[in-house]
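[1] compute the structure for the input listed below.
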Amino acid sequence: MKVIAKNKKAKFDYHIIETYEAGIVLKGSEVKSVRLGKVSLSDAFAQVVGGEVFLFNMHISPYEKAQEGLDSKRERKLLLNKSEIRKIDGKLKNKGLTLIPLEVCIKKNLVKIALAVAKGKKEYEKRGKIIEKEQRKEMKKYL
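    Numbering: from 1, shown residues only. Here you go, the predicted model:
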């Protein structure tokens, strides 16, 4: 399994409750761009729409040699089992939970995306984590 892109802010901004792995529907030139690592998950999110899961705002740079001009931030369908979609949809009905992508990877020549049902952190929780990190750095200096 080769990791192509990670959502670095996801674990900082959210409490991860449960993770899923899904396939993603891409056009031919998008697959080539993903293999080259031209993917960004910074503002991406997923939603259940009409019994299907779609990924929004995932940026895939256009492949240079491609003839067709695809929208780089178009919505993309995710491939999950019906039981997984129902489970995710049930969890998202709870207040404050969202579905976010964690990473894009290539597994057995297929592009996969790791999704997480997550709850947003409060501002004071983020500050506390930053303070802990700084304290650990200082402790390492003195040891």
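
[2] who are the contact partners of the closest residue to residue 28 other than its chain neighbours?
    Distance criterion CB to CB, 6 or more residues apart in numbering; nearest residue to residue 28, sequence neighbours excluded, is residue 66 at 7.9 Å. Where C-beta positions appear, they are placed from N, C-alpha and C, glycine not excepted. Residues in contact with residue 66 (CB atoms under 8 Å, 6 or more residues apart in numbering) are 28, 29, 32.

[3] counting neighbours, which of those residues end up buried?
    29, 32 (16 or more other CB atoms under 10 Å).

[4] quick one on the thing from earlier: how close does the residue nearest to residue 28 sit to residue 30?
    9 Å (CB to CB, to the nearest Å).

[5] same list (the contacts of residue 66) but as JSON lines, adding secondary structure and distance to residue 13.
    What follows is those, written out as JSON lines (DSSP: H, G, I helix; E, B strand; the rest coil; distance: CB to CB, whole Å):
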{"residue": "28", "secondary structure": "helix", "distance to residue 13": "33"}
{"residue": "29", "secondary structure": "helix", "distance to residue 13": "31"}
{"residue": "32", "secondary structure": "helix", "distance to residue 13": "31"}
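
[6] wait, a helix at residue 23?
    No - Residue 23 is assigned strand when assessed by DSSP: H, G, I helix; E, B strand; the rest coil, not a helix.

[7] so it touches residue 78, yeah?
    Yes - the pair residue 23 and residue 78 qualifies as a contact (CB atoms under 8 Å) at a distance of 7.0 Å.

[8] who has more neighbours, these two?
    Taking other CB atoms under 10 Å, residue 23 and residue 78 do not tie; residue 78 has more neighbours (22 against 14).

[9] elements contacting the longest helix anywhere in the chain?
    In terms of residue count, the longest helix belonging to the chain (DSSP state H) is helix 123-142. Contacts defined by 3 or more CB pairs under 8 Å, 6 or more residues apart in numbering; DSSP states H and E place helix 123-142 against helix 10-13.

[10] who's in contact with the helix it packs on?
    Contacts for helix 10-13 (CB under 8 Å, 6+ apart): 16, 41, 100, 101, 102, 116, 118, 120, 121, 126, 129.

[11] strands along the chain, start to end?
    2-6, 14-24, 39-40, 45-49, 52-56, 59-60, 76-79, 97-107, 110-120 (DSSP state E).
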